[in-house]
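J.: Pasting a predicted model and its sequence here:
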Number of protein chains: 2
Amino acid sequence: MSGQQVGQLRFRIDFSQPLYEQILEQVRSSIAKGEIALGDKMPSVRELAQELRMNPNTVMRAYQELERDGLTEKRRGQGTYVTSSAEKVSRFRTELASQYIETFMTQMESLGLTWDDIERYVRDKTAPGKGGD
Amino acid sequence: MSGQQVGQLRFRIDFSQPLYEQILEQVRSSIAKGEIALGDKMPSVRELAQELRMNPNTVMRAYQELERDGLTEKRRGQGTYVTSSAEKVSRFRTELASQYIETFMTQMESLGLTWDDIERYVRDKTAPGKGGD
DNA sequence: TAAGTGTATTAAGTGATATAATACACTTAT
DNA sequence: ATAAGTGTATTATATCACTTAATACACTTA
């Protein structure tokens, strides 16, 4: 995988989406999946900007959104840290999942597909021999 | 619902997304759900532009994409028509659904959720008393 | 005091989106 | 033929989101 490692974080950046969104989503994912531990220090705005060859303003935009998500905390003069609250991470995961599902269901409804159609489709697509994922 | 009716088509336009994308998606949906019949004549580029208070170029951009989707056919000098091929519509629905599902599954995976998690979630969310949707 | 934090401001450039005005080729009806 | 209605193409302009750049400030730690 052509991924860039910065501390505990891994990034794959392209030009298909806004840069700040890619940072945002990939850090969210790393936190949600526990790839970076609760309470860990994040790369500084300037450091990450340098590593990813971006402007510090672009990185900061992503970092500010992460704080609004409740996933990080900033300590002026010190740096940015992953939240120590497992509950905040859990709550975030639930909220975002809910949002993704809602959008998805709207899309399926616009095609005239029911939830049963979707289940059938996914079962076929994933593992025609295994039970779970 | 604050929707605008143009021929057999219904539109709800806002400023949250590109205008041509909204036209595209809403016409796609109308065709996929059979709200506009196979072979029916679409509003002309100029007519729809006037009804929706948009520039003809913006409408044309959506119409060109619809033809690439295989959902419409253009007859020079006559107008734009919904395809008469039920199979094309069916194929389009399958392709777009597949694409939506893939994106959705990627999002869920990025949150560390499995397909079983999703099923449980949706069952709770939709109808706690009925079977299908 | 120095170095490293997050933050704010101002300026500039790029690309997608949208509008506007105009023109052309084709089809149908008169 | 003529006129009206089709899709299509071109050129110009405007706006906005995104991104970079340069700089400065307040705070914390060593």
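T.: All right, it came through fine. Residues are numbered from 1 along each chain as shown, chains lettered A, B, ... in the order given.

J.: quick one: low-confidence ranges for chain A?
T.: A:1, A:126-133 (pLDDT under 70).

J.: residues in contact with the closest residue to residue A:54 other than its chain neighbours?
T.: Spatial nearest neighbour of residue A:54, chain neighbours left out: residue A:19 (5.8 Å); criterion: C-beta to C-beta, 6 or more residues apart in numbering or on different chains. (C-beta placed from N, C-alpha, C; glycine too.) When contacts are counted by C-beta atoms under 8 Å, 6 or more residues apart in numbering or on different chains, residue A:19 is found next to A:13, A:52, A:54, A:58.

J.: go with 10 Å
T.: Counting by C-beta atoms under 10 Å, 6 or more residues apart in numbering or on different chains, residue A:19 touches A:13, A:52, A:54, A:55, A:58, A:59, A:61, A:62.

J.: For whichever strand or helix holds the fifth one, which helices and strands make contact with it?
T.: So the one you mean is residue A:58. Per DSSP states H and E: residue A:58 is located in helix A:56-68. For helix A:56-68, the helices and strands in contact under the criterion 3 or more C-beta pairs under 10 Å, 6 or more residues apart in numbering or on different chains; DSSP states H and E are helix A:19-32, helix A:45-51, strand A:72-75, strand A:79-82.

J.: With DNA strand C in mind, check whether the third one reaches it.
T.: By that I understand strand A:72-75. Yes. Strand A:72-75 is in contact with DNA strand C by C-beta under 7 Å from any atom of the strand, via residue A:74.

J.: Check the last one too.
T.: Yes. Counting by C-beta under 7 Å from any atom of the strand, DNA strand C has neighbours in strand A:79-82: A:79, A:80.

J.: ok, then the element right after that strand?
T.: Where DSSP H and E defines the elements, the next helix or strand beyond strand A:79-82 is helix A:86-110.

J.: Next, the buried residues of the helix or strand just after that following helix.
T.: Proceeding N to C from helix A:86-110, the next assigned helix or strand is helix A:115-125, under DSSP H and E. Across helix A:115-125, burial judged by 16 or more other C-beta atoms under 10 Å in any protein chain shown covers A:115, A:117, A:118, A:121, A:122.

J.: Look up how far chain B lies from the second one.
T.: Going back to what we said before, that points to residue A:117. Using C-beta to the nearest C-beta, to the nearest Å, we find residue A:117 at a distance of 8 Å from chain B.
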